[in-house]
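Peer 1: starting from these lines, generate the structure:
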Amino acid sequence: MIRIAWLTQYDIFRLLPEININRKVTLHSSSWIHSLSEALALNKEIELHIITQTQLVDKTQHLKKNGIYFHVIKYNFPFTKKGFPGFFPLDRLTGYYSFSKKAKKVINEIKPDILHVHGTEGGYYIPASGSKIPCIISIQGIISEYVKIEPSFASYLQLPYEHFAVKKNKYFGCRTDFDFDFVKKLNKNAVVFDLPEAMNKIFFERSWKWKAPSDLSILFVGSINARKGIVDLINAVAIIKKTFPSIHLKIIGGGVRKYRNFLKDIIEKNDLQSNVSWLGNRSPDQVASELQQCSLFVLPTLMDNSPNCLAEAMAVGVPSIATRVGGIPSMITDKWDGMLYEKQDVAGLVNLIQQLANDKDLQNELSINARKKAFERNYPTHVSEKYVE
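Peer 2: The predicted structure is shown next:
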């Protein structure tokens, strides 16, 4: 029996009713974490513990559900039930001291054989650092690159922790050439394993079918922020509307109201109110349904490592267009299982959308190849086997 302790963000609402929470809010689904943990839990040779933190509990709680041991640590801004605001990131300013202290206590009680940290965007590596227990870090987003597009006080404070984790640790799980190069640049002695994400099975159970050009619909899924490049997609829709008057863009995701209002102003100026729908946050099942029904998936991001939304679209088989940035070229082979273009090249995006809209054979070819790649790389059972190995 191998005892593994994950340090990772987890959607604690999935632990209801066994867990007691103080309120309900919208959380990042982190669906790849859930899919992988559930697949690993089926392996009787593994005892999986998940250590996570949240401000949504009034006390630290320990429970077992679906064969997994959960350790939910209370971590909040002092004297409140709130998290740490970006304008006053006390968690980063204090070196994640409170969380680290509690997490170390849990680790000492569990006595795991392996520590597995998911992501360097937060403080999950801090309690693992200095431990004699072998530790692997799975790289998710890369703050060092994101901050170049969207600078913020909180992000700049996170940079030393990200660099510390990469320089200090020995073992890493990477998903793309982009994060592999990032790790090796900071730590030439790093031992790197190819550890892809496990997508929710619901995306493999849905299958995209071709739609006539007259029903051209485009789907975007992701955070509503400047880094995702949504403004370029909206401007592209404004141009394409001249050729396809009924073109419809659906936007799934949440974000800062100020930026969303900025995008809505652009939509109004281009008279696109009837061509754009804001769907807000949606469950994995709802996202899968929208992917199944759309014509094309477009990700105009300015920087990403391995966006889950793109992997989900490929699993459904939606013909996808994405920018040639970050780790995306490791996910899409251009003109084989998706189409790539240069970031902020609105004219190039317009050409690709129009090309695909008028080429049924190319759409179907991209769809078949994308589903095959996603199944081989991101199906939970296949991913869990790589992790166990």
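Peer 1: C-alpha from now on. contacts and neighbour counts both.
Peer 2: Noted.
Peer 1: how about stretch 332-343: buried residues?
Peer 2: Within stretch 332-343, the residues scored as buried using 16 or more other CA atoms under 10 Å are 332-334, 337-341, 343.
Peer 1: hmm, I typed the wrong one, I wanted stretch 193-208.
Peer 2: So stretch 193-208, judged by 16+ other CA under 10 Å, has buried residues 193-204, 206-208.
Peer 1: max pairwise distance over those: which two?
Peer 2: Between all members of these, the longest pairwise span (CA to CA) is found for 193 and 208 and amounts to 31.9 Å.
Peer 1: which of the buried residues of stretch 332-343 fall within strands?
Peer 2: When strands are assigned by DSSP state E, the members of the buried residues of stretch 332-343 inside them are 339-341.
Peer 1: now, which of those sits nearest residue 372?
Peer 2: For residue 372, the nearest member of these is residue 339. The distance, counting by CA to CA, is 16.0 Å.
Peer 1: contact partners for the closest one?
Peer 2: Contact analysis of residue 339 by CA atoms under 8 Å, 6 or more residues apart in numbering lists 320-322, 332-333, 352.
Peer 1: now those in JSON lines, with pLDDT?
Peer 2: What follows is these, written out as JSON lines (pLDDT from 0 to 100):
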{"residue": "320", "pLDDT": "98"}
{"residue": "321", "pLDDT": "98"}
{"residue": "322", "pLDDT": "98"}
{"residue": "332", "pLDDT": "98"}
{"residue": "333", "pLDDT": "98"}
{"residue": "352", "pLDDT": "98"}
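Peer 1: give me the element residue 17 is part of.
Peer 2: When elements are defined using DSSP states H and E, residue 17 is found to belong to no helix and no strand.
Peer 1: so what's the residue count around it?
Peer 2: Around residue 17 there are 8 other residues, counting by other CA atoms under 10 Å.
Peer 1: state the pLDDT value of it.
Peer 2: The per-residue pLDDT reported for residue 17 equals 95.
Peer 1: number the residues from 18 up from this point.
Peer 2: Sure, I'll start numbering at 18, so the last one becomes residue 34.
Peer 1: so residue 55, which state does it fall into?
Peer 2: helix (DSSP: H, G, I helix; E, B strand; the rest coil).
Peer 1: could you pull out the strands in the stretch 68-217 of the chain for me?
Peer 2: In chain order, the stretch 68-217 of the chain shows strands spanning 78-82, 85-91, 131-135, 152-155, 188-191, 208-211, with DSSP state E, counting those that start in this stretch as the criterion.
Peer 1: looking at the ones you listed, which is nearest to residue 59?
Peer 2: Between residue 59 and these, the shortest gap by CA to CA is with strand 85-91, which sits at 9.6 Å.
Peer 1: got a list of contacts for the closest one?
Peer 2: Counting contacts by CA under 8 Å, 6+ apart, the residues outside strand 85-91 that touch it are 54, 58, 64-81, 116, 119-120, 123.
Peer 1: for stretch 51-60, same thing?
Peer 2: For stretch 51-60, using CA under 8 Å, 6+ apart, the contacting residues are 27, 63-65, 83-85, 214-218, 397-398, 400-401.
Peer 1: pick out whichever of these sits closest to residue 271.
Peer 2: Nearest to residue 271 among these, with distances taken as CA to CA, is residue 27, at 18.1 Å.
Peer 1: quick one: contacts for that closest one?
Peer 2: Residues counted as contacts of residue 27 (CA under 8 Å, 6+ apart) are 46-47, 50-51, 69.
Peer 1: let's see that with 7 Å instead.
Peer 2: For residue 27, the set of contacting residues under the criterion of CA atoms under 7 Å, 6 or more residues apart in numbering consists of 47, 69.
Peer 1: can you check residue 94 too?
Peer 2: Per CA under 7 Å, 6+ apart, neighbours of residue 94: 100-101.
Peer 1: possible to save the contacts of residue 356 as CSV with distance to residue 241?
Peer 2: CSV is the format used below for the contacts of residue 356 (distance: CA to CA, whole Å):
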residue, distance to residue 241
337, 19
338, 18
339, 16
349, 23
350, 26
369, 23
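Peer 1: now, those residues that are in helices?
Peer 2: Judged by DSSP state H, helices contain the following of those: residue 369.
Peer 1: which of the contacts of residue 356 lies closest to residue 186?
Peer 2: Residue 186 lies nearest to residue 349 out of these, by CA to CA, at 29.5 Å.
Peer 1: and the spatially most central residue of the chain, how far is that from residue 32?
Peer 2: Centroid-nearest residue in the chain, with CA atoms, centre = their mean: residue 325, separated by 4.5 Å. In this structure, residue 325 lies at 22 Å from residue 32, with CA to CA, to the nearest Å as the measure.
Peer 1: cheers, nothing more for now.
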